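Student: Pasting a predicted model and its sequence here:
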Number of protein chains: 2
Amino acid sequence: MRLSTKGHYGLKAMFDLAMHYGSEPLPIPLKVIAERQGISEHYLEQLIAVLRKIGLVKSIRGAQGGYILARPPSQIKVGDVIRALEGPIAPLDCVSEFEPTACEKEHYCISRDIWARVRDSIAEVLDSITLEDMCRDAAKVSTDRVES
Amino acid sequence: MRLSTKGHYGLKAMFDLAMHYGSEPLPIPLKVIAERQGISEHYLEQLIAVLRKIGLVKSIRGAQGGYILARPPSQIKVGDVIRALEGPIAPLDCVSEFEPTACEKEHYCISRDIWARVRDSIAEVLDSITLEDMCRDAAKVSTDRVES
DNA sequence: TCAATCCCAAGTAAACCACTCGGTTTTCTA
DNA sequence: TAGAAAACCGAGTGGTTTACTTGGGATTGA
C-alpha cells in the first residue's frame, strides 16, 4: 500500500507550479522545479512528460521556456495528478476504478467489497483536495510560523 | 497504491478460518485452506507463518493438525491481518503509522498532510471491519442468492 | 549563433514479488 | 510402533518494477 516516488514527485512538481501560477503565468524551467523540490532533473523529466501528454501541464520549448499548469490550480485535483502517474486507484486489479479485471468467478469474493471501500476512501481524499487548497495550506503554515 | 498478494491471500486464509470457527474449533490443515481459496500451498505457508508469529493464528502440529484462529473472529480486525503481512499502513515512509522516517526537514512538506489523510482513511476502513463482519456478509450474500 | 531549454530512447542496478523446491520435525492413528 | 499427515524451515528463481542515469537531438529567445 505504498505510493511510488512517481506520484510523490509528480505532486511536488505540480504544487511547485501552482505556487508560481500568477495572473500572467511565466513558464518555469524543469531545472528550477527539480532543484526547489530536491528531485533528480532527468527523472522528473520523465514524470512531467506524462503529465504533459495527459494535459495537466503545458510546455514551452527553447530558451526561457519551461512548464506551466494547463489549468488554474483550483481546477486540478490531487487525484488527477496521482492517477496520471500511478494509474487508476486500485488496491487490487479486480476493484480498479477503470476497467476492473474479472475476479475468479467461481464464488463471490467477500474481500472484494473491502478493497472497493478502501479504493473509494482513497479516491475521496485525493479528489477533495485541489492544488489551490495545497497552496492555501502552505501559505497558512508559513504565516503560522512567522507568528509563532 | 496496490496491495500485494500477501495481504490479499492472507486475508482470504483468515476469512476461511473464521468461517470454520465454531464453539469447539477444529484445526484446519493448510492444504484445505489453500485448495478452498485457490492459493499455492507452499506460498500460503510462508504467509501463515507470519500470522502465527504475530499471534493471529495458532498451529497444531502432526497428523490431524492444522491452524485455528488465536482469537474469535469478532476480535480480529482486517487491519490486523493486513498490517501483519504488509507492514504498517504508509503511503509514504514519512507518514508511516509506526515510526515514520524523517522527512526532508528543510521546508515543511505540504503533501505530507495529504498522505497522512490517505493513511488514516485506509486504516479507518480496515479497522472498522472484523472477520466476524466478513462472515456475516458472506452468509447474507449466499442467502440473497438462494432467495433470488 | 549559442546557450537554454524541452524532448526522446535506451540502459541498469537493486529491490521486490510470487512463487517453487527440498527437505526436517512433530504427532495422531492403525 | 510404523507410517502417514501435517506443520516447520531455508534457500533458490524468474520476472517485474523502481528509480534512476546516460547520451543524445530538436527548438527557440537573446
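Tutor: Thanks, I have the structure now.

Student: pretty sure residue A:72 contacts residue A:132?
Tutor: Yes: counting by C-beta atoms under 8 Å, residue A:72 touches residue A:132, with 7.4 Å between them. To be clear about C-beta, it is placed using only N, CA and C from the backbone, and glycine gets the same treatment.

Student: Quick check: the residue of chain A nearest DNA strand D.
Tutor: Residue nearest to DNA strand D within chain A (C-beta to the nearest atom of the strand): residue A:62, separated by 2.1 Å.

Student: follow-up on the earlier one: which one of residue A:72 and residue A:132 has more residues nearby?
Tutor: Remark: of residue A:72 and residue A:132, residue A:132 carries more neighbours, 16 against 13, as counted by other C-beta atoms under 10 Å in any protein chain shown.

Student: hang on, isn't the more buried one packed against residue A:18?
Tutor: Yes: using C-beta under 8 Å, residue A:132 is in contact with residue A:18, at 7.0 Å.

Student: What is the neighbour count of residue A:97?
Tutor: Neighbourhood size, residue A:97 [other C-beta under 10 Å]: 16.

Student: how about it, secondary structure?
Tutor: coil (DSSP: H, G, I helix; E, B strand; the rest coil).

Student: quick one, what contacts the closest residue to it other than its chain neighbours?
Tutor: In space, residue A:97 comes closest to residue A:88 once its chain neighbours are excluded; the distance is 4.1 Å by C-beta to C-beta, 6 or more residues apart in numbering or on different chains. By C-beta atoms under 8 Å, 6 or more residues apart in numbering or on different chains, the contact set of residue A:88 is A:96-99.

Student: Mind telling me what element residue A:88 is part of?
Tutor: For residue A:88, there is no enclosing helix or strand under DSSP states H and E.

Student: Please report the distance of it from residue B:4.
Tutor: Per C-beta to C-beta, to the nearest Å, residue A:88 is found 17 Å from residue B:4.

Student: Sketch out the helices for chain A, chain order is fine.
Tutor: Secondary structure of chain A (DSSP state H): helices located at A:5-19, A:30-37, A:41-54, A:78-86, A:111-127, A:131-147.

Student: So which of these is nearest residue B:139?
Tutor: helix A:111-127 (13.7 Å; C-beta to C-beta).

Student: could you give the angle of the closest one to helix B:5-19?
Tutor: 130 degrees (axes from the mean of the first three to the mean of the last three C-alpha atoms, to 10 degrees).

Student: For helix A:111-127, give me every contacting residue.
Tutor: Contacts for helix A:111-127 (C-beta under 8 Å, 6+ apart): A:77-79, A:82, A:89-92, A:94-97, A:103, B:1, B:3, B:8, B:11-12, B:15, B:78, B:114, B:117-118, B:121-122, B:124-126, B:129, B:134, B:137.

Student: Okay then, goodbye and thanks.
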